[in-house]
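# Kindly return the folded structure for what I paste below:
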Amino acid sequence: MWAIVFLGIAVILTVSLANGGQRFYPGSEASEADAGRRPTGNPQLVSVEPLPETAMGGEMCAWMPVGSPALLAANIGRERQEWQERLLAQSASAAAADRRSSVVLNRPPERVIRDPYPTYSAVAVDPKNNEIVLQDENLFQLMVYDRMTNTAPTARLSEPKRIIGGHDTNVEFNCAIYIDPKTGDLYSVNNDTLDTMTVFSRNQTGNAHPSRQLSTPHRTYGIAVDEARDEMYLTVQDPPMVVVYNKYAKGEDKPLRVLRGNRTGLEDPHGIGLDTRNGWMFVANYGNVAAHPDGGGNSLPGRGYAEMLPGSGRYEPPSITVYSLQARGDTPPLRVIEGPDTQLNWPAHISVDEDHGEVYVANDGTDAILVFRVSDSGNVSPTRVLKGSKTQIQNPTGVVVDTVNNELVVANMGNHRATVYPRAAQGDTAPIRTIRTAADGTPALQIGNPGAVAYDTKRDEILVPN
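Residues are numbered from 1 along each chain as shown. Now for the predicted structure:
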């Protein structure tokens, strides 16, 4: 019996192998071609068919392992494209949202910090017409007073004889004033914003167009004139220079000569005064300085000039530097007044008294007027100092000696007033006259060309650099 069973199994295997491994089942009606496709319950090869490209002799894509660089680059490219598409969709959505939510806000400020009163930055005296002219740097105007004006202590202010101010005047951050002794013309120097010096005739008033204008270097500050030579001297803060023009220069006229260079000792120059008898020029310097990239010379810096060499800046003591009137180029000073004994601190405008051989300095940083001899040099003490509570001097930036009337006039930026003294006044001497533009005791905010603002949360204070 077992022999018969084994014989049957052998016959079935023999037939199956003879037919290429296909199985036949007794009693099946399927053809031989269908026999290998019947389910067996186990994995089996159903058929093998060549790909059309292979069969036709075409090319096939090369197989790539999962970690290949080419496959990785393809995946990154696909992801980047998907990311860009999402970003574009988000931008479009945000733009649509902006269009939906755009609102124009037109609301007044909660409060304004502004000084509504004139602030005096410079002064000049016209002895011929018995007038005092004051520069108002706060409201951008020139104010002309009778020389003998004296504001009573109970008065709110003194009214000027005339005012030159308004858009058409091209007066802005006006910091220096000169009066032509022959014609009475007013020369007004702008600082910080308008690179222009404006000239007004004596009869002009209100919002008048200047009778003449001169394009000046940026940050021009001080002015002095040599009437005998018809030469006008202007100081420039940065790059530090003294530029000399013909007195009647206008438009784009070029300077006659330029004092500029690393050896000049010019360090943020402000005030300037001339001693034509001795042939000397005096310049007041704050002390900020850096190197000229070209070393300096008898010319204005070219267009596109990097104003000063980056990284070369330094702070030096304030000083008064003295030069020959004809100095030009990178010329060192003849001598320098500098040092702690001088008391110089932010020396602004200066005035030279040729008759008495003295130099008057408006010393903004110490609320004082310092007086030196024209021959002084080095770390010398002033011959006189006008300072103290009785003087009413506060942050003086303008000073002029009236040799005709033997008086000294000071423009104070710190208290809305100009003060007049005897020429030789010193110590804590009260003024003989005061010109005031606001009620007594009104604080002067001294906001001049503010460049930024910050809030001190600890002290609840607003900080405004000017």
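# switch to C-alpha atoms for all contacts and neighbour counts from now on
Noted.
# what about Arg78, is that helix, strand or coil?
Following DSSP: H, G, I helix; E, B strand; the rest coil, the label given to Arg78 is helix.
# Tally up the residues packed near it, please.
Using other C-alpha atoms under 10 Å, Arg78 has 11 other residues around it.
# any idea of the pLDDT on it?
For Arg78, the model assigns a pLDDT of 72.
# How about Asn203?
Turning to Asn203, the model gives it a pLDDT of 90.
# cool, the one 3 residues further on as well?
According to the model's per-residue confidence, Gly206 sits at a pLDDT of 97.
# can you check Gly302 too?
72.
# Which of the helices or strands spans it?
Counting by DSSP states H and E, no helix or strand carries Gly302.
# just Ala284 next, same as before
strand 280-285.
# which residue ranges form the helices in this structure?
Using DSSP state H, the helices found in the chain span residues 2-18, 52-55, 69-101.
# and Gly222, what does it touch?
With contact set as C-alpha atoms under 8 Å, 6 or more residues apart in numbering, Gly222 has these partners: Cys175, Ala176, Val189, Tyr233, Leu234, Thr235, Val236, His270, Gly271, Ile272, His349.
# scratch that, Val464 is what I was asking about
Ile447, Pro450, Gly451, Ala452, Val453, Ala454.
# The stretch 251-400 of the chain: strands as residue ranges?
Here the stretch 251-400 of the chain has its strands, by DSSP state E, counting those that start in this stretch, at 257-259, 269-275, 280-285, 288-289, 314-315, 319-324, 335-338, 347-353, 358-363, 368-373, 384-387, 396-402.
# got CSV for those, with distance to Gly296 too?
Output for these, formatted as CSV (distance: least, C-alpha to C-alpha, whole Å):
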stretch, distance to Gly296
strand 257-259, 8
strand 269-275, 15
strand 280-285, 18
strand 288-289, 13
strand 314-315, 17
strand 319-324, 16
strand 335-338, 19
strand 347-353, 24
strand 358-363, 27
strand 368-373, 29
strand 384-387, 36
strand 396-402, 29
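# Can you convert these into a markdown table and add a column each for mean neighbour count, distance to Ala424 and mean pLDDT?
Formatted as a markdown table, these follow (neighbours: other C-alpha atoms under 10 Å; distance: least, C-alpha to C-alpha, whole Å; pLDDT from 0 to 100):
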| stretch | mean neighbour count | distance to Ala424 | mean pLDDT |
| --- | --- | --- | --- |
| strand 257-259 | 23 | 33 | 98 |
| strand 269-275 | 27 | 18 | 98 |
| strand 280-285 | 26 | 20 | 98 |
| strand 288-289 | 20 | 31 | 94 |
| strand 314-315 | 11 | 33 | 94 |
| strand 319-324 | 25 | 21 | 98 |
| strand 335-338 | 20 | 21 | 98 |
| strand 347-353 | 27 | 11 | 98 |
| strand 358-363 | 26 | 10 | 98 |
| strand 368-373 | 24 | 9 | 98 |
| strand 384-387 | 19 | 8 | 98 |
| strand 396-402 | 27 | 10 | 98 |
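# ok, residues contacting stretch 265-275?
Under C-alpha under 8 Å, 6+ apart, the answer for stretch 265-275 is 221-226, 233-241, 260, 280-289, 316, 321, 325, 332-333, 347-354.
# Mind putting the contacts of Val464 into a markdown table with distance to Pro127?
Output for the contacts of Val464, formatted as a markdown table (distance: C-alpha to C-alpha, whole Å):
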| residue | distance to Pro127 |
| --- | --- |
| Ile447 | 32 |
| Pro450 | 36 |
| Gly451 | 38 |
| Ala452 | 41 |
| Val453 | 43 |
| Ala454 | 46 |
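# Inside strands: which ones of these?
Secondary structure from DSSP state E places Ala454 of the contacts of Val464 in strands.
# Which one (most neighbours) among the contacts of Val464?
Ile447 leads those on contacts (other C-alpha under 10 Å) with 15 neighbours.
# How about the contacts made by it?
Neighbour list for Ile447: Arg114, Asp115, Asn138, Val464, Asn466 [criterion: C-alpha under 8 Å, 6+ apart].
# Of these, just the buried ones, ChimeraX syntax please.
This is the ChimeraX syntax for the buried subset of the contacts of Ile447, where burial follows 16 or more other C-alpha atoms under 10 Å:
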select :138
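# Looking at the contacts of Ile447, spot the one nearest Asn379.
For those, the residue nearest Asn379 by C-alpha to C-alpha is Asn466; the value is 30.1 Å.
# Need the pLDDT of that closest one.
78.
# Repeat that for Ser28.
pLDDT for Ser28: 41.
# measure the residue nearest to Pro443 when sequence neighbours are not counted to Thr391 for me?
Distances taken as C-alpha to C-alpha, 6 or more residues apart in numbering place Asn415 nearest to Pro443, at 6.1 Å, with adjacent residues excluded. Per C-alpha to C-alpha, to the nearest Å, Asn415 is found 12 Å from Thr391.
# same question, Ile272
As judged by C-alpha to C-alpha, Ile272 and Thr391 stand 24 Å apart.
# Return the residues in contact with the residue nearest to Met143 when sequence neighbours are not counted.
Using C-alpha to C-alpha, 6+ apart and skipping residues adjacent in sequence, the residue nearest Met143 is Ile163, 4.7 Å away. Residues counted as contacts of Ile163 (C-alpha under 8 Å, 6+ apart) are Gln141, Leu142, Met143, Val144, Thr205, Gly206.
# Now that we have those, which of them are buried?
Gln141, Leu142, Met143, Val144, Thr205.
# got JSON lines for the residues you listed, with distance to Pro255 too?
Formatted as JSON lines, the buried ones among the contacts of Ile163 follow (distance: C-alpha to C-alpha, whole Å):
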{"residue": "Gln141", "distance to Pro255": "27"}
{"residue": "Leu142", "distance to Pro255": "26"}
{"residue": "Met143", "distance to Pro255": "29"}
{"residue": "Val144", "distance to Pro255": "30"}
{"residue": "Thr205", "distance to Pro255": "29"}
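# about what we covered before: out of the contacts of Ile447, list just those in strands.
Using DSSP E, no member of the contacts of Ile447 falls within strands.
# Name the nearest of the contacts of Ile447 relative to Thr276.
Closest approach to Thr276 among the contacts of Ile447 (C-alpha to C-alpha): Asn138, at 33.1 Å.
# That closest one contacts Gly165, correct?
No. Using C-alpha atoms under 8 Å, Asn138 is not in contact with Gly165; the gap is 11.4 Å.
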